[in-house]
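*Asks:* coords below, sequence missing:
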């Protein structure tokens, strides 16, 4: 069970252990060879094995294909004393607790020994395995692995929500021209779909018997010299013309000339673009038929589809930068006006409306745009670089640099992310330093350290020789 639990930690730390070993193997190799020769001069080898560790053996001395001598294996090879290295000499004043496998495998020994490849087990001194939750790194290892740290500071988190959308007309700036009584189109101006028109510009002339009757009645009342209720009756006749949607300039002209026109001229109610032209000379228009549809595009809407996960960050009034794909390099500025209270069940997005000024009329309906909503909070918060966080999905932690090669893993609670930084809500204080590079290697080493401790001291005691008999693995 111990071996199975440690596979993950060993796999992550294998590379680190290999690097640590091979970095100094050149210096140790000659020392090992000399010590081994002196220690085994009076013993007879049982057989010889391949110097590269391949599963090849020989009964007598032999060379491999590279010209290297096969290594002798003696009867008591596992109990052979390990050579004294400069590192051991420097640390001889400290007590050796046990020896661990040089390749990082979960195998320890209470006495010096070699692994199947002839490598000496690495001594673990008293104080090296202090259970304080920290990882200790030598200056050389810090330099080789490129460990860097950065202080924790307070800074504003810039969270930018990006979303696609389209340009749509402002519903409040669209007008239609429709007849309220049966009419006939007598003449249509030189206006087509897509034409830009000004308010008051003539569009067509129509004849309507209902309009002509109301106009004659109104003129008779304002020209009559009788005094009994003429003003009240005149106001009613004028209101009838207004109910038939006769343009105000036409009514004013009738009052000035005291003449009822045969045809009535209809003009554009606003500046804009003709989106629809259904009027044809000589046609009959029934009540409700739309003859012209005109939209003012000096102000348009950008309807943006914001992902459901980002809805908690957006609010009405936030500034938005709109970039049209038709005009790269140009930015249109606006603010969120409405967040629609519905989420699309298929796309899991909610619609957000941004109002944009369009003075040069380059933004057209159904044009694709990209929006960047600035949700930054001006208040600074405690933040760390994104690269410093180790996130397993259920737990987030950082490695705190305590100085002198001491690294402390610490669990944290995170908040918003943006601009390469993550808000830390709990677990750190301002001024502490966190590791921003090589943190995965350090995390792997800490896992290996914990694994070796649990393996060697699983029952609260140091490993014995019986634990390594036969296969060399802890039973």
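*Replies:* Great, that's in hand. These numbers were taken from a predicted model, which means no experiment stands behind them.
*Asks:* can you pull the pLDDT of the closest residue to residue 299 other than its chain neighbours?
*Replies:* In this structure, residue 299 finds its nearest non-sequential neighbour in residue 170, 5.2 Å apart by Cβ to Cβ, 6 or more residues apart in numbering. Bear in mind the C-beta positions are built from the backbone N, C-alpha and C, glycine included. The model reports residue 170 with a pLDDT of 93.
*Asks:* thought residue 170 was touching residue 302?
*Replies:* No: applying Cβ atoms under 8 Å as the test, residue 170 and residue 302 come out as separate, 10.8 Å apart.
*Asks:* Please say which of the two ends up with more neighbours.
*Replies:* residue 302 (25 against 17; other Cβ atoms under 10 Å).
*Asks:* List the residues that contact the more buried one.
*Replies:* Residue 302 makes contacts with 165-168, 320, 322, 332, 334, 353-356, 369, 371, as judged by Cβ atoms under 8 Å, 6 or more residues apart in numbering.
*Asks:* Then residue 271?
*Replies:* Contact partners of residue 271, counting by Cβ under 8 Å, 6+ apart, are 196-199, 296, 298.
*Asks:* Buried ones from those, can you make that a PyMOL selection?
*Replies:* To isolate the buried subset of the contacts of residue 271 in PyMOL, counting by 16 or more other Cβ atoms under 10 Å, use the following:
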select buried, resi 197+296
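*Asks:* Strands - which of the contacts of residue 271 land there?
*Replies:* 196-197 (DSSP state E).
*Asks:* Please render the contacts of residue 271 as JSON lines that adds distance to residue 219 to the earlier fields.
*Replies:* Formatted as JSON lines, the contacts of residue 271 follow (distance: Cβ to Cβ, whole Å):
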{"residue": "196", "distance to residue 219": "36"}
{"residue": "197", "distance to residue 219": "30"}
{"residue": "198", "distance to residue 219": "30"}
{"residue": "199", "distance to residue 219": "27"}
{"residue": "296", "distance to residue 219": "35"}
{"residue": "298", "distance to residue 219": "39"}
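*Asks:* List just the nearest of the contacts of residue 271 to residue 66.
*Replies:* residue 298 (83.1 Å; Cβ to Cβ).
*Asks:* measure residue 211 to residue 173 for me?
*Replies:* To residue 173, residue 211 is 28 Å away according to Cβ to Cβ, to the nearest Å.
*Asks:* Between the two, which has more neighbouring residues?
*Replies:* It is residue 211, of residue 211 and residue 173, that has more neighbours when counted by other Cβ under 10 Å, with 25 against 17.
*Asks:* re the thing from before, can you give me phi and psi for the residue nearest to residue 299?
*Replies:* Residue 170 adopts backbone torsions of phi -70, psi 120, taken as degrees, to the nearest 10.
*Asks:* list the contacts for it?
*Replies:* 296-297, 299-301, 355 are the contacts of residue 170 under Cβ under 8 Å, 6+ apart.
*Asks:* of the contacts of residue 302, buried ones?
*Replies:* With burial judged by 16+ other Cβ under 10 Å, the buried subset of those is 165, 167, 320, 322, 332, 334, 353-354, 356, 369, 371.
*Asks:* related to what we said a few turns ago, can I get the contacts of residue 170 in TSV with pLDDT and distance to residue 260?
*Replies:* Output for the contacts of residue 170, formatted as TSV (pLDDT from 0 to 100; distance: Cβ to Cβ, whole Å):
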residue	pLDDT	distance to residue 260
296	93	33
297	92	37
299	93	39
300	95	42
301	96	43
355	94	44
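*Asks:* If residue 161 is in a bridge, with which residues?
*Replies:* residue 373 (DSSP bridges).
*Asks:* I'd guessed it sits against residue 375; true?
*Replies:* Yes: if you go by Cβ under 8 Å, residue 161 and residue 375 touch, sitting 5.9 Å apart.
*Asks:* joint contacts of the two?
*Replies:* Joint contacts of residue 161 and residue 375 (Cβ under 8 Å, 6+ apart) are 313-314.
*Asks:* and residue 72, bridged to which residues?
*Replies:* Beta-bridge pairing for residue 72 (DSSP bridges): residue 48.
*Asks:* Identify the residue nearest residue 279 in space, chain neighbours excluded?
*Replies:* Distance criterion Cβ to Cβ, 6+ apart; nearest residue to residue 279, sequence neighbours excluded, is residue 291 at 4.1 Å.
*Asks:* ok, now which ones touch that neighbour?
*Replies:* Applying Cβ under 8 Å, 6+ apart, the residues near residue 291 are 177-179, 185, 204, 266, 277-279, 285.
*Asks:* for residue 173, same thing?
*Replies:* Neighbours of residue 173 in contact, by Cβ under 8 Å, 6+ apart: 270, 272, 295-299.
*Asks:* Rebuild these as TSV, extending it with distance to residue 364.
*Replies:* Putting those into TSV (distance: Cβ to Cβ, whole Å) gives the following:
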residue	distance to residue 364
270	18
272	13
295	11
296	13
297	7
298	13
299	13
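*Asks:* hang on, the earlier thing: which among the contacts of residue 291 end up buried?
*Replies:* The buried subset of those - by 16+ other Cβ under 10 Å - is 177, 179, 185, 204, 266, 277, 279, 285.
*Asks:* And the fifth one, how far from residue 178?
*Replies:* Note on residue 266: its distance to residue 178, by Cβ to Cβ, is 10 Å.
*Asks:* go on, the last one?
*Replies:* Between residue 285 and residue 178 the distance is 8 Å, computed by Cβ to Cβ.
*Asks:* next one: residue 159
*Replies:* 48 Å.
*Asks:* With residue 431 instead?
*Replies:* 71 Å.
*Asks:* what do you get for residue 288?
*Replies:* For residue 288, the distance to residue 178 - Cβ to Cβ - is 6 Å.
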